[in-house]
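Q: Curious how this folds, go ahead:
(chains A and B)
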Amino acid sequence: MTRYFETRNITVKYDRVLAVKSVSIGMDEGETISLIGSNGAGKTSTLRAITGLTPISSGEIWFNGDRIDRLATDAIVERGVTMVPEGRRVFPLMTVRDNLLMGAFLRRDKSKIAASIDRVVTLFPRLKERFHQAAGTMSGGEQQMMVIGRGMMADPKLLIMDEPSLGVAPKFVQEIARAIVDINRQGVSVILVEQNSRMALRVSRHAYVMSTGKVVVNDKSSRLLLDDRVQKAYLGEISEARA
Amino acid sequence: MGQVLMNGIYSGVQYSLIALGLTLIFSLMNVMNFAHGQLYVLGGFVTYYVYGIVGLPFAVALFAAAATLAAVGVLFDVLLFRRVLARSARDESTMLLASGSALLLDSLFIIFFGEKHRGVPPVAGGVLRIGQGIFLPYGRALIIALSVILIAAFILFMTYTRWGRGLRAMAQDRDAARLMGVNVARYSMLGWAIAALLAGLAGAMLVSVSGVNSGLGTWISIKAFIMVMIGGAGAIPGAIIGGLVLGMLESLGAHFMSGSQYLAIFVALIVFLAIRPRGLLGRQ
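A: Numbers count the residues shown, from 1 in each chain, chains lettered A, B, ... in the order given. Model (predicted):
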């Protein structure tokens, strides 16, 4: 019996270095889970494996009843798994509009795409003002909103967000957290990856804590939020300073 | 003087077509395609056979050249560059591969097409006279018109179509493009096909005026690199401007310092690049 989404003992190697060691995470449909841990814990490598950007060397990945770990990234996206990558990764020379349309690259129904654009600018009204501006000229916070919107444009079943609060001004962090809750309420399952563990734990139901390539703690977010030992042992000073 | 400028425009628009393909491959694959000029030569020979020898209409020859070169572009990707890029991310690897491909094509041209300079009958007779003392043969006018149409079509394709958007996204951030669902393997093939097709069409058109021979490829590649360096690598407007600038410089040089114009162009290029290494519109 497989869950809606799960990784089974996946391992990722770069050259000979193990970045992800036998990681198993899982979630049910409609849930938000978070993957937290300090820099270098293997979070981003796990996500690259899930989205097919980096091949896994062992293990299995399942989504919605299908095994997806041998598929190319575009085939995984087509199945409804979309990632908002770390570091924003806008298409800097394209307008905000073209960036959003890139998010809908695999969709053909123009009226539904237009409806998605409406939904994105309702969620992030600021993007409407910037609609015909080159994305590279916007502030970091605006770019982050745009890439979340670009992720929504795929109309995903599962949306994975890698460090959406990284390098973003505090006032935007609130707005982004609100957007994540909102997206989840619309029925999208969410995997949130964060160094800002407090934000991630507030937003998610279940959390996995990673350290040196392994999942070391796996518990309800509400419990971890109160657990000082976990905070101190694995999340370090960064979350203290940033929360 | 008007005649000199007209000649400059005539060369410039064709050069722009050549530079567009080179800059497209550079921005999509980060590959310096030293064999770009050979693709141009192949386009010229296709036209020579289809139009010059077999005697089919010039338009048919253009289509044949476009189709042949698009196929060769795809083969370049599938048989050569994709395989090397999968094993090595170092720039030198693809540079060596491109140089080797250029030598291979040069040799194949000699074997199959011989050493002679080949021309074809003019496509259109007559001369257009513009104002006082500017002459534009109809054949050249046709090439200018076709080149401008092709450049415009390329820009519209890149700006407004889904394929064009996919290519631009891939050039700006390859992994992010994959996450949007762009099949980068297929889009690499598309990019190679378009780049080779543009070079081939330039060669196909030019053969009707100045002919073609097996040894032209390297010289055309060098010119294409000059244009891209002037305009700035990876920028589409840069390639167009670079082509026009080089065409104009050649024409002015041939008029004022016939015989040593290329010496002057290279010296000017070195000085220019020392001041502005990114070219006119290049990205960092």
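Q: Return the residues of chain A in contact with chain B.
A: A:51-53, A:72-74, A:77-78, A:82-83, A:85, A:89-94, A:98, A:101-103, A:105-106, A:150, A:154 (C-beta under 8 Å from any C-beta of the partner chain). For every residue, glycine as well, the C-beta is placed using N, CA and C.
Q: Among those, which ones are in helices?
A: A:T73, A:D74, A:V77, A:E78, A:D98, A:L101, A:M102, A:G103, A:R150 (DSSP state H).
Q: of all those residues, which comes closest to B:G114?
A: B:G114 has its nearest neighbour among these in A:D74, at 45.7 Å by C-beta to C-beta.
Q: residues near the closest one, how many?
A: Counted with other C-beta atoms under 10 Å in any protein chain shown, the neighbours of A:D74 add up to 21.
Q: Need the buried ones from the residues of chain A next to chain B selected in PyMOL.
A: Command for PyMOL that selects the buried part of those, burial taken from 16 or more other C-beta atoms under 10 Å in any protein chain shown:
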select buried, chain A and resi 51+52+53+73+74+77+78+82+83+85+89+90+91+92+93+94+98+101+102+103+105+106+150+154
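Q: and B:S260, how far is that from B:G253?
A: 8 Å (C-beta to C-beta, to the nearest Å).
Q: So for those two, which residue has more residues nearby?
A: B:G253 (20 against 10).
Q: Next, give phi and psi for the more buried one.
A: phi -60, psi -40 (degrees, to the nearest 10).
Q: how about the residue nearest to it when sequence neighbours are not counted, what does it touch?
A: Counting by C-beta to C-beta, 6 or more residues apart in numbering or on different chains, B:Q261 is the residue found nearest to B:G253 once chain neighbours are left out, at 2.6 Å. B:Q261 makes contact with B:L249, B:E250, B:L252, B:G253, B:A254, according to C-beta atoms under 8 Å, 6 or more residues apart in numbering or on different chains.
Q: pretty sure the fourth one contacts B:Y262?
A: Spelled out, it's B:G253. Yes: contact criterion C-beta atoms under 8 Å: B:G253 and B:Y262 qualify, at 7.3 Å.
Q: one step back: for the residue nearest to B:G253, give me phi and psi.
A: Backbone dihedrals for B:Q261, given as degrees, to the nearest 10, come out at phi -60, psi -30.
Q: ok, it to A:S211 distance?
A: Taking C-beta to C-beta, one finds B:Q261 at 66 Å from A:S211.
Q: What of A:R107?
A: In terms of C-beta to C-beta, A:R107 sits 38 Å off from A:S211.
Q: One more: A:E129?
A: A:E129 is 42 Å from A:S211, by C-beta to C-beta.
Q: Just give me the neighbour total for the closest residue in space to A:M210 that isn't next to it in sequence.
A: Excluding the flanking residues, the one nearest A:M210 by C-beta to C-beta, 6+ apart is A:G37, at 3.7 Å. For A:G37, the count of nearby residues is 28 (other C-beta under 10 Å).
Q: pretty sure A:G37 is touching A:K214, no?
A: No: using C-beta under 8 Å as the test, A:G37 is too far from A:K214 to be in contact (9.5 Å).
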